[in-house]
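A.B. asks: task: produce atomic coordinates for the following.
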Amino acid sequence: MMTVTESAKPVVNPKIMFREEFDDWAILFDPDTADIFGMNPICVFVWKHLDGRHTVEDILKKLREACRNVPDEADRHVAGFVQDLIDKGLAGFEYGEV
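C.D. replies: Here you go, the predicted structure:
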């Protein structure tokens, strides 16, 4: 199992379907398992930056620029969220042809 670090550059699994709702929430659908995951607006923000170019630290910096009153523990929460995505196969560190 791979572990997320601040310098990691995770990328979304291209097989995962992302559907953003009108209220800035979103749904992820894994067609291989038929699992569905709901995401709040902060999770959506993080998801959109999982492109293999941004580190977790970069994403946190952008989050602090985009939002007011981001708590200090956001570092831990964002890293935990990204780790959870990786553990579920929704993101990783590289994907070849799908």
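A.B. asks: got the buried residues for the longest helix seen in the chain?
C.D. replies: If you go by DSSP state H, the chain has its longest helix at helix 74-87. Residues 75, 78-79, 81-83, 85-86 are the ones in helix 74-87 that count as buried (16 or more other C-beta atoms under 10 Å). Where C-beta positions appear, they are placed from N, C-alpha and C, glycine not excepted.
A.B. asks: state the mean pLDDT of the helix or strand that that helix is followed by.
C.D. replies: With elements assigned by DSSP states H and E, the helix or strand that comes after helix 74-87 is strand 91-92. Averaged across strand 91-92, pLDDT comes to 94.
A.B. asks: which other helices and strands does the helix or strand hosting Phe45 contact?
C.D. replies: Under the criterion of DSSP H and E, Phe45 resides in helix 41-48. Under the contact criterion of 3 or more C-beta pairs under 8 Å, 6 or more residues apart in numbering; DSSP states H and E, helix 41-48 touches strand 26-30, helix 56-66, helix 74-87.
A.B. asks: in TSV: the ones you listed, plus mean pLDDT.
C.D. replies: TSV is the format used below for the helices and strands packed on helix 41-48 (pLDDT from 0 to 100):
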stretch	mean pLDDT
strand 26-30	97
helix 56-66	94
helix 74-87	93
